[in-house]
Each structure stands twice: as structure tokens, then as C-alpha cells.
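# heads up, no residue letters with this:
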């Protein structure tokens, strides 16, 4: 698990507080998405889109591309 970029301190704060060793892939995606949303919302240089990929031994898959301005309200209201 890793994060890069100028907003990664924000992402790590969210991910570190929510990480569990026995997470499902779906739970891990959700935690990653939440970390990226909060990092992007707090850091002016992070952009406004969650682009998340799952790296696997045999390649990668694109998990999502979502607008932070829509997701931040969902997370702030505790809907996830």
C-alpha cells in the first residue's frame, strides 16, 4: 500500500486510520477512494478527480475515475 504526490500526507492519514489486515478488496477500494478524496479536497495541487488503479501481478485494472466535488459531500455526510 502506498501513496504518492503532494497530497499523500492527507491520504495516509485516512488510510492509516481505516486499514485492517483482513479487508476485502471492495473495502480496500473504498478506503483508498476515501483517502484520495480527502487528499484531493485538502491539497490545492492534487486535482479534482479520483483516478484509482489496482496493481496486480499480471497487470492493472482501473477501479474508478470519479469527481471529488461529488464524493466529498457523500463522505462528509457519512453516507459510506
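Cool, got the structure. Being a predicted model, the structure only gives us computed values, none of them experimental.
# Tally up the residues packed near residue 22, please.
By other Cβ atoms under 10 Å, 5 other residues sit near residue 22. To be clear about C-beta, it is placed using only N, CA and C from the backbone, and glycine gets the same treatment.
# For residue 28, see how far away it is.
Applying Cβ to Cβ, to the nearest Å, the value for residue 22 to residue 28 is 11 Å.
# Tally up the residues packed near the nearest residue to residue 48 once chain neighbours are set aside, please.
Nearest-residue entry for residue 48: residue 68, 5.0 Å, with adjacent residues in sequence omitted and distances by Cβ to Cβ, 6 or more residues apart in numbering. By other Cβ under 10 Å, the residues close to residue 68 number 20.
# Surely residue 68 and residue 39 touch.
No - Residue 68 sits out of contact with residue 39 when judged by Cβ atoms under 8 Å, with a separation of 9.2 Å.
# Off-centre distance for the longest helix out of those in the chain?
Counting residues, the longest helix found in the chain (DSSP state H) is helix 25-42. Distance of helix 25-42 from its chain centroid, counting by Cα atoms, centre = their mean, to the nearest Å, is 2 Å.
# Would you mind pulling up the elements that that helix packs against?
helix 8-18, strand 49-56, strand 59-67, helix 68-76 (3 or more Cβ pairs under 8 Å, 6 or more residues apart in numbering; DSSP states H and E).
# between those, which one is nearest to residue 35?
helix 8-18 (3.9 Å; Cβ to Cβ).
# Tell me which residues of the closest one come out buried.
The neighbour-count check on helix 8-18 (16 or more other Cβ atoms under 10 Å) flags 8, 10-12, 14-15 as buried.
# Off-centre distance for that helix?
9 Å.
# could you give me the average pLDDT of that helix?
Helix 8-18 shows a mean pLDDT of 87.
# got a list of contacts for that helix?
Outside helix 8-18, the residues within contact range by Cβ atoms under 8 Å, 6 or more residues apart in numbering are 1, 3, 31-32, 34-36, 38-39, 42-43.
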